[in-house]
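A.B. asks: Generate coordinates for the sequence data below:
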Amino acid sequence: MSRTIRFYETGGAEVLKLEQTEVGAPGPGQARVRHSYVAVNFIDIYFRTGRYPLDLRGGSGLGSDAVGVVEAVGEGVDFVRPGDRVGYLLGPQGAYSDVRLMPAEVLIPLPDGVSDRSAATLMMKGLTAQYLFRQVYPLHGGETILYHAAAGGVGLVACCDIAIAARGAKFGLTESRLGLLPAVISPYVIAAIGARNARRYFATAEIFDTDEALRIGLVHDVVNPTALDTAVQRQIDLLLKAGPIASANAKKLVRDVCAHADGARHDADNASLIARLRVSPEGQEGLSAFLDKRKPHWVQD
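C.D. replies: Here you go, the predicted model:
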């Protein structure tokens, strides 16, 4: 038996039901996967609320990607075997479960150097970044790119160590307008702008300009838009003058020195906080208002 999250109508989090489901032997072309980590993505809300329609006759599972171990394979499956660690992103909804049957062709074997937890965190974000930078527009080095709407964790994959802003750009940490908090990215933002500035901008959700971003340490430099290419190239030239191993170890040194004393507990606390907020009345109202393109009830005209 597998614990599985299913729903039979669209709506808020209350439509989700925890059920015990029977998972049989895999058929031809299938594999049975026991999950170790299941990713939670914003797109799951779109399926639950009906923004992305699903056939709910007989109910549906939820969740797009997960990682785990292959328990059994069906006829014709030869590139994964029982005991293999795998992840997936494509396929039918239903990742919110202990065990499930999957089309074997969508399974991605995991290398030994990548943990289950890391793979689950990066599957959608990493493949999205790979799709954008290797397929939509293959990057060869030397290009200057503007990466729009780096949200939902994709920005954490594609972000750089040095931030240069074009004058006129706007910034904001606006989650509190939705009744949420930027909990997942908070360690990185606080490290950049400091605790006092973070308290202000997390709470007010105000939009600020490049001068303020420079003052609080969110960016390293501000230049006119016409000078952006030159400024970026100047930093690239400086980086290329440094030893690549030394550069890599410099970043590791900073990370190790600044590491939280109990990082695992810190991550767990953040995950618990954002989970509670997402299902709270205020969080549900904020997300619904966002999807309905209206103001949440606490915003007064």
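A.B. asks: Can you show me the CA trace of stretch 120-138 as PDB?
C.D. replies: This file holds the C-alpha atoms of stretch 120-138, laid out as PDB (Å, rounded to 0.1, in the frame of the first residue of the first chain):
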ATOM      1  CA  ALA A 120      14.700  16.600  -5.700                       C
ATOM      2  CA  THR A 121      15.500  20.200  -5.100                       C
ATOM      3  CA  LEU A 122      17.100  20.800  -8.500                       C
ATOM      4  CA  MET A 123      15.100  18.600 -10.900                       C
ATOM      5  CA  MET A 124      12.600  21.100 -12.200                       C
ATOM      6  CA  LYS A 125      14.800  24.200 -11.600                       C
ATOM      7  CA  GLY A 126      17.900  22.600 -13.100                       C
ATOM      8  CA  LEU A 127      16.200  21.200 -16.100                       C
ATOM      9  CA  THR A 128      14.400  24.500 -16.700                       C
ATOM     10  CA  ALA A 129      17.800  26.300 -16.600                       C
ATOM     11  CA  GLN A 130      19.300  23.700 -18.900                       C
ATOM     12  CA  TYR A 131      16.400  24.000 -21.300                       C
ATOM     13  CA  LEU A 132      16.700  27.800 -21.500                       C
ATOM     14  CA  PHE A 133      20.400  28.000 -21.700                       C
ATOM     15  CA  ARG A 134      21.200  24.900 -23.900                       C
ATOM     16  CA  GLN A 135      18.100  24.500 -26.100                       C
ATOM     17  CA  VAL A 136      16.000  27.700 -26.400                       C
ATOM     18  CA  TYR A 137      19.200  29.800 -26.800                       C
ATOM     19  CA  PRO A 138      22.400  27.800 -26.600                       C
END
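A.B. asks: Buried residues in it, which are they?
C.D. replies: Neighbour-count burial for stretch 120-138, counted by 16 or more other C-beta atoms under 10 Å, picks out Ala120, Thr121, Leu122, Met123, Met124, Lys125, Gly126, Leu127, Thr128, Ala129, Phe133. C-beta here means a position set from N, CA and C on the backbone, and glycine is covered the same way.
A.B. asks: so which strand or helix has the first one?
C.D. replies: Pointing back at Ala120 there. Assigned by DSSP states H and E, Ala120 belongs to helix 116-130.
A.B. asks: just how off-centre is that helix within its chain?
C.D. replies: Helix 116-130 sits 8 Å away from the centroid of its parent chain (C-alpha atoms, centre = their mean, to the nearest Å).
A.B. asks: and what of stretch 176-191?
C.D. replies: With C-alpha atoms, centre = their mean as the basis, stretch 176-191 stands 13 Å off its chain's centre.
A.B. asks: do the same with stretch 190-207
C.D. replies: Worked out by C-alpha atoms, centre = their mean, stretch 190-207 lies 21 Å from the chain centre.
A.B. asks: Outline the domain layout of the chain.
C.D. replies: 2-116, 160-292 (automatic domain parsing).
A.B. asks: Distance to Gly141 and mean pLDDT for those domains - can I get that in a markdown table?
C.D. replies: Converted to a markdown table, the domains of the chain look like this (distance: least, C-beta to C-beta, whole Å; pLDDT from 0 to 100):
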| stretch | distance to Gly141 | mean pLDDT |
| --- | --- | --- |
| domain 2-116 | 24 | 94 |
| domain 160-292 | 10 | 82 |
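A.B. asks: mind giving me CSV with the ones you listed and columns for mean neighbour count?
C.D. replies: Below are the domains of the chain laid out as CSV (neighbours: other C-beta atoms under 10 Å):
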stretch, mean neighbour count
domain 2-116, 16
domain 160-292, 14
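A.B. asks: No further questions, thank you.
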